Structures are given as structure tokens and as C-alpha cells.
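Trainee: just the structure for this:
(one chain, ligands or ions: 1)
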Amino acid sequence: QAAFDAEAVRQDFPILQQQVNGQPLVYLDNAATTQKPRAVIDAISDYYLHDNSNVHRGAHTLSDRATAKFEQARQAVADFIGAASSRQIIWTRGTTEGINLVAASWGAANLQPGDRILVSAMEHHSNIVPWQMVAERTGARVEAIPVDESGTLRLDQFEQMLDAHVKMVSVNHVSNALGTINPIEQMIALAHQHGALVLIDGAQSIAHWPIDVKALDCDFFVFSGHKLFGPTGIGVLYGKEDLLNAMPPYQGGGEMIDSVSFDGTTYNQLPYKFEAGTPDIAGAIGLAAAVAYINGMDRAAAAAHEDALLAYALEKAQNVPGLRLIGAADRKVAVLSFVLEGVHPADLGMLLDQQGVAVRTGHHCAQPIMDQYGIPGTVRASFSFYNTFDDADRLFAALDKARQLLM
Ligand code: PMP
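Mentor: Numbers count the residues shown, from 1 in each chain. Have a look, this model is predicted:
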């Protein structure tokens with residue numbers, strides 16, 4: 001197993017080289033958003049310095065250059081997730097917009113009264129609310145696949161829930177609130193046996209290991225660029241081509257049309273049919289730079305480093321009096337979601353921040369699973385490959401100090 005040099009990798013991330021509240025920054029909020037390597041920042045700056053222009057309006061050189069870079073970015077993302085064609089890569093604003101697009105477009109065209117949509121009990125609000133909205137319009141129903149006390153999805157109960165009325169199964173690959181890795185390979189196979197489509201919310205998996213949408217055989221896969229070391233404002237919807245072709249447009253406007261007249265309008269082909277308006281060109285180019293950065297590293301070694309950080313942090317967490325881990329599934333990413341007896345998560349987060357340790361506190365946009373645990377929220381420390389064992393030590397030292405202040 002190759003060793004991973006996190007200290008060297010940190011040099012690629014300028015933002016990490018700073019003091020916060022008088023201490024070197026320990027950034028443990030990677031599940032909310034990841035930091036950007038200099039290569040991403042440079043690619044965006046380069047684009048604005050040299051190529052900025054609107055795309056697909058090719059009357060001049062800059063527009064041609066912008067268009068070429070923009071479409072190369074689409075191809076880079078297609079290759080990165082194993083899509084057969086770049087036509088299957090729709091640019092969105094992020095995971096949220098990708099799910100809304102499928103729910104609104106596919107859902108409105110295909111759902112009927114009595115149809116069922118299954119999501120898990122540990123979904124992010126963005127994978128619950130869009131389905132509730134389309135269910136309300138169509139008479140379909142949204143149901144939650146149960147999650148047990150350890151934060152593990154009940155695959156046996158999922159299998160029992162499946163029947164011919166289930167039209168869509170929409171689940172996160174990894175839970176942002178708990179860190180649980182869901183058994184999506186089995187879920188996709190089971191759902192397909194019953195004729196249901198599957199959307200995978202890859203917001204929390206995309207940064208951790210290679211994704212192959214063809215091997216997974218999922219029908220849709222969505223993620224956000226900003227959780228993959230790319231910029232905010234850009235995301236990806238992958239879909240099977242026949243499904244995307246059959247779906248009605250999501251938004252109307254420029255770019256998504258073939259021709260417009262007051263007698264009627266015809267729509268553009270994939271992927272432009274779903275990309276109304278001027279897209280986030282710099283965002284796509286920045287995301288492509290992030291993909292190139294990740295492709296340039298030893299991803300297996302990075303994942304092993306994250307696993308080692310998780311094991312180390314889990315062991316340290318056992319020695320903190322009153323700490324209750326929320327979500328202790330066997331398969332999880334390097335996320336520690338926890339509560340400290342008698343302490344409000346927000347107070348703890350503030351005391352950690354005062355010591356230069358950045359975590360997230362609250363319900364993590366996953367209120368149903370917090371309700372199941374009977375808590376308003378947690379403190380969440382989420383690690384990336386650029387975190388070190390020293391970062392974990394700093395987290396637990398800061399926790400100790402906070403406990404002394406609060407108790
Ligand atoms: N799903 C999951 C699992 C997430 O972690 C997030 C981001 N916290 C989202 C969806 C929403 O992503 P975005 O806000 O980038 O659209």
C-alpha cells in the first residue's frame with residue numbers, strides 16, 4: 001500500500017496555510033464544501049484573463065476558445081465518471097438542481113396517482129423535498145426506507161418495500177449527516193428487478209473514490225463540483241441517454257431550443273435541451289481542472305489515508321467522556337457526527353472555531369434522521385485527504401478544552 005503524503009498535498013491548497021483565531025486552521029468541514037487546489041483557482045482566473053466569452057455563439061475567436069474549453073470540460077467529466085457520451089452530462093448548479101431537474105421533468109411526465117417514490121430516511125433535504133413537490137402535483141407518494149440505530153440502511157426492508165408501484169428509488173451514495181456508505185450496487189439491482197429507476201445522489205461519494213456510472217448501472221447520478229475540489233455554482237446530472245431523450249425540458253430559454261416561433265418551438269438535442277440560458281462557463285472549466293487534479297493523484301492511497309484518519313479519530317472519540325457518536329455504520333467515510341452530553345452543538349462548534357478548528361453543527365439539512373435519533377443536530381467533523389493526524393489531534397485537544405469550559 002502506497003503511503004500518502006498529506007503534507008505535500010496541502011501545499012496545493014493555499015487556503016489551508018492560514019491562521020484562524022490565532023491558530024493554524026484545521027479545516028474539518030469537507031462534507032459541506034471542499035477546498036480548491038491552486039490548479040482550480042488558476043484555471044478559473046486564466047479563463048477570465050484570456051478567454052472569457054459566451055459559448056456556442058461562435059462568431060469570434062474568444063467565443064470559439066471558450067466553447068472548446070467548456071465542451072472539453074464536459075468530456076472530462078464524462079470520462080471521470082465512466083459515461084459513454086458527453087451528451088449524457090448535463091451541467092447544473094449542483095446536486096440540488098440535478099435532483100430538481102429529474103423530479104420535475106421525469107416525475108411530472110411519468111408519475112401517476114398511486115405511484116411510489118422511495119428515498120432513504122437519511123437523505124439530505126434536497127433528495128426529499130423535490131420528490132414531495134412532484135408527488136403533490138401527480139398524486140404519487142414519497143416513502144422512507146428505514147435506517148437502523150447504527151445509521152445503516154435496512155436493505156431487507158428496502159427489498160420488502162419494492163413492488164410494481166415503485167417508479168423511482170432516489171438515495172444518497174453516502175450520507176452527509178452520518179457518513180454511512182449505502183449498498184447502492186445491491187439497491188440498483190433490486191430496484192431494476194422491480195422496474196423502478198434509480199437516482200444516486202453522489203454529493204458525498206464523488207470526492208472519495210472513482211465512480212463508474214456504467215458499471216453501477218444507475219439511471220441518474222448527480223453531484224456538486226464544490227464537493228469535488230471544484231467551484232460552487234456548477235454541478236453535474238448524468239442520465240441514461242434514452243431516459244434523458246424522452247424527458248421534457250426543465251427550463252425554457254436560450255440554448256435549449258432548436259427553433260422558436262409563435263406557432264411552436266422545437267427543442268435542442270442533448271445535453272443542451274436541459275441547459276437553458278448562459279451556463280457557468282468558468283465553473284465548468286474550474287471543475288475540469290479539479291478532475292484533472294484528482295486524476296493526477298493516487299486515489300487508492302488517498303482513500304486509504306482517509307480510512308486511517310477515520311480509524312484514528314474513532315478511537316480517540318471513545319475516550320471523550322459523554323461523547324455519543326451518531327451513525328456508526330460498518331461502512332462509512334471519514335465523517336464523525338456526534339453530540340456531547342449536555343452541550344448544544346452550536347456552542348461546541350463556536351468553541352472549536354475559537355481554537356481554529358472548523359466543523360459544522362446543526363441538522364445538516366437532514367432533519368428526518370436527526371428526529372429519528374431524537375436530537376436537534378450534531379457536531380460534524382468531516383475529513384479529506386489533505387487532513388492529517390495532527391488535525392485529528394487538534395480536534396480532540398480543542399474538544400477537551402471546550403468540555404472544561406462548559407462543564
Ligand atoms: N445531497 C447530499 C448528500 C449533500 O451532502 C449535499 C450537500 N450538503 C447535497 C445533496 C446538496 O448539494 P448542493 O447544496 O451542492 O446542491
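Trainee: tell me which parts of the stretch 101-250 of the chain are close to the ligand?
Mentor: By the rule C-beta under 6 Å from any ligand atom, the part of the stretch 101-250 of the chain lying against the ligand is His124, Ser126, Asn127, Asn172, Asn176, Asp201, Ala203, Gln204, Ser224. (Each C-beta comes from the backbone N, C-alpha and C, glycine too.)
Trainee: so the fourth one touches Asn127, yeah?
Mentor: Read it as Asn172. Yes: contact criterion C-beta atoms under 8 Å: Asn172 and Asn127 qualify, at 6.2 Å.
Trainee: center of the protein - which residue?
Mentor: Geometric centre of the chain, nearest residue: Ala203, 1.0 Å, by C-alpha atoms, centre = their mean.
Trainee: show me the contacts for that residue.
Mentor: Thr95, His124, Asn172, Val174, Asn176, Val222, Phe223, Ser224, Lys227 (C-beta atoms under 8 Å, 6 or more residues apart in numbering).
Trainee: what's the burial count for the third one?
Mentor: Looking back up the chat, that one is Asn172. Neighbours of Asn172 under the rule other C-beta atoms under 10 Å: 30.
Trainee: check contacts around Leu399.
Mentor: Taking C-beta under 8 Å, 6+ apart, we find Leu399 in contact with Val320, Leu323, Leu340, Leu348, Leu352.
Trainee: and the fourth one, what does it touch?
Mentor: This points to Leu348. Counting by C-beta under 8 Å, 6+ apart, Leu348 touches Leu340, Thr361, Val379, Leu399, Ala402, Leu406.
Trainee: on the three-state scheme, the residue in the stretch 251-400 of the chain that the ligand sits nearest to is what?
Mentor: With C-beta to the nearest ligand atom, the shortest gap between the stretch 251-400 of the chain and the ligand falls at Cys365, namely 6.0 Å. What DSSP: H, G, I helix; E, B strand; the rest coil gives for Cys365 is coil.
Trainee: tell me, how many residues neighbour it?
Mentor: Neighbours of Cys365 under the rule other C-beta under 10 Å: 17.
Trainee: what pLDDT does the nearest residue to it once chain neighbours are set aside get?
Mentor: Spatial nearest neighbour of Cys365, chain neighbours left out: His125 (4.5 Å); criterion: C-beta to C-beta, 6 or more residues apart in numbering. The score at His125 is 98. That number is its pLDDT.
Trainee: and His125, how close does it get to Glu185?
Mentor: 25 Å (C-beta to C-beta, to the nearest Å).
Trainee: which of those two has more residues huddled nearby?
Mentor: Counting neighbours by other C-beta under 10 Å for His125 and for Glu185 shows that His125 has the greater number, 15 against 12.
Trainee: how close does the more buried one sit to Ile117?
Mentor: According to C-beta to C-beta, His125 stands 15 Å off from Ile117.
Trainee: check Asp148 too.
Mentor: Per C-beta to C-beta, Asp148 is found 22 Å from Ile117.
Trainee: of the two, who's got more company?
Mentor: Higher neighbour count among Asp148 and Ile117: Ile117, with 27 against 12, using other C-beta under 10 Å.
Trainee: partners of the helix or strand hosting that one in the sheet?
Mentor: Secondary structure from DSSP states H and E places Ile117 in strand 116-120. Taking DSSP bridges as the criterion, strand 116-120 forms sheet pairs with strand 141-145 (parallel), strand 166-172 (parallel).
Trainee: on that earlier part again, which of the residues of the stretch 101-250 of the chain next to the ligand lies closest to Asp64?
Mentor: Nearest to Asp64 among those, counting by C-beta to C-beta, is Ser224 at 28.8 Å.
Trainee: quick one: contacts for the closest one?
Mentor: Under the criterion of C-beta under 8 Å, 6+ apart, the neighbours of Ser224 are Gly94, Thr95, Thr96, Ala203, Thr232, Ile234, Gly235.
Trainee: number of nearby residues for the first one?
Mentor: Think Gly94. Counted by other C-beta under 10 Å, the residues lying close to Gly94 total 22.
Trainee: mind checking how far it is from Arg10?
Mentor: For Gly94, the distance to Arg10 (C-beta to C-beta) stands at 26 Å.
Trainee: one more: the third one?
Mentor: Between Thr96 and Arg10 the computed distance is 30 Å (C-beta to C-beta).
Trainee: so for those two, which sits in the more crowded spot?
Mentor: Counted by other C-beta under 10 Å, Thr96 and Arg10 do not tie: Thr96 has more neighbours, with 21 against 17.
Trainee: identify the residues contacting whichever strand or helix holds that one?
Mentor: Secondary structure assigned from DSSP H and E places Thr96 in helix 95-102. The contact list for helix 95-102 (C-beta under 8 Å, 6+ apart) reads 90, 92, 124, 126-127, 130-131, 170, 199, 201-203, 220, 222-224, 227, 235-237, 239, 247, 250, 274.
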